[in-house]
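Enquirer: Could you look at this predicted model? Sequence included:
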Amino acid sequence: MKATAKAHTNIALIKYWGKRDEQLFLPTNSSLSVTLDKFYTETSVHFSPDFHADRFILNDQQADPKEMEKITTFLDRIRNLSGKSLYATIDSKNYVPTAAGFASSASGFAALAAAATKAIGLDVDYRQLSQIARQGSGSASRSIYGGYVEWQKGEKADGSDCYALPIISEQDWDIRVLSVEVTTKAKKVLSREGMKRTVETSPFYSGWLEAVEKDLITARDAIKEKDFEKLGHVVEANALKMHATTLGANPPFMYWQSATVEVMQEVEELRAAGIEAYFTIDAGPNVKVLCQPKDEHAVRDKLSLLTVVREIHHCRPGPGITYLPI
Ligand SMILES: O=C(O)C[C@@](O)(CF)CCOP(=O)(O)OP(=O)(O)O
């Protein structure tokens, strides 16, 4: 009972920022992302009656007890769904540069959900797979699909209507996402803690919730219309609103470093010079810059001149999960 799956990471264009249910990973708002081609996780899962405990090898290292606990809880859900109480050995490799600030948990839990359900013989569709991955990490629900993906927040308390669905595929619209790694030493507030603190203490959080649904509709329409300018503006504004909420949290926190702001200002200068580029930022100081293929090199050349820029990874829309030969 073995299976291997590959899942790519994704970058949120309309952010998931807050849970309405911490146990079931139910979000306060719907979100929208693009899966990326460059960064992914490959995970093999082997269930066997000969194993007497779960084992998790991550990048050729035995996972630490905290990580192990998360994995065992995740596998318990899959064991319950299948009615099989078998232990598993998991071997996972992240092809995601940690410093780049991509949530490798997104590709990680999507790959694990796909490989584990296949290995244990659970016949699930992508919607169910998205719901399983969601309970490992919310953003993982989106990495089940390739291209442009919407994760619907749902209304039900049991999360049965909370899953991701594809909008258009990675072949339908070719954009570029330049992941700009800036030099930083700061220890960031992990997104799980950051969103919890913000939901619970920030007076600006209600403003976020009022605005995000409209942002999502605008972004979804822009993707369907392939209107890059319309998408870029709402993506940038949505990221700024998300980050504004953290400033009002108690205690307040900020993901940005001075280098982050330098890159943001460079992107605004690019637009002033007639080159369409837009930024988005997740739970860290790095910046993802969106542009069209024709402008990719001009944007790279301009950003590379900044001394605070350590590395730029060039990404395109990427595929959903795939199963690999054992
Ligand atoms: O990806 C986005 O929509 C926006 C963020 O990256 C932050 F900017 C949040 C990702 O949160 P995640 O790591 O999925 O949280 P979990 O459910 O607590 O594991």
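Expert: In hand now; what should we look at? Residues are numbered from 1 along each chain as shown.
Enquirer: Same question for H233, what's its three-state structure.
Expert: In three-state terms, and counting by DSSP: H, G, I helix; E, B strand; the rest coil, H233 is helix.
Enquirer: what about it, how many neighbours?
Expert: H233 sits with 17 neighbouring residues when counted by other Cβ atoms under 10 Å. No exception for glycine: its C-beta is placed from N, CA and C like everyone else's.
Enquirer: Is it in contact with A277, as I believe?
Expert: No. Counting by Cβ atoms under 8 Å, H233 does not reach A277; the two are 11.6 Å apart.
Enquirer: How confident was the prediction at A100?
Expert: Per-residue confidence (pLDDT) for A100: 66.
Enquirer: For the helix or strand encompassing D215, which helices and strands make contact with it?
Expert: When elements are assigned from DSSP states H and E, D215 belongs to helix 205-225. Helices and strands touching helix 205-225, by 3 or more Cβ pairs under 8 Å, 6 or more residues apart in numbering; DSSP states H and E, are strand 2-14, strand 31-48, strand 148-151, strand 164-168, helix 228-247.
Enquirer: So for that helix, what gets flagged as buried?
Expert: Judged by neighbour count using 16 or more other Cβ atoms under 10 Å, the buried positions of helix 205-225 are 205, 208, 212, 215-216, 218-220, 222-223.
Enquirer: just to revisit the earlier point, which of the helices and strands packed on helix 205-225 sits closest to D123?
Expert: strand 2-14 (12.6 Å; Cβ to Cβ).
Enquirer: which residues are contacting the helix or strand that that closest one is followed by?
Expert: Once the chain leaves strand 2-14, the next helix or strand it forms, by DSSP H and E, is strand 19-21. Counting by Cβ atoms under 8 Å, 6 or more residues apart in numbering, strand 19-21 makes contact with 25-28, 138, 153, 157, 159, 195-196, 199, all of which sit outside it.
Enquirer: Secondary structure element for the closest residue to S85 other than its chain neighbours, which one?
Expert: In space, and not counting its chain neighbours, S85 is closest to R79: 5.7 Å by Cβ to Cβ, 6 or more residues apart in numbering. Using DSSP H and E, R79 falls within helix 65-82.
Enquirer: Can you spell out which helices and strands pack onto the helix or strand just after that helix?
Expert: Using DSSP H and E, the next helix or strand after helix 65-82 towards the C-terminus is strand 87-95. Strand 87-95 is packed against strand 31-48, strand 55-58, helix 104-120, with contacts defined by 3+ Cβ pairs under 8 Å, 6+ apart.
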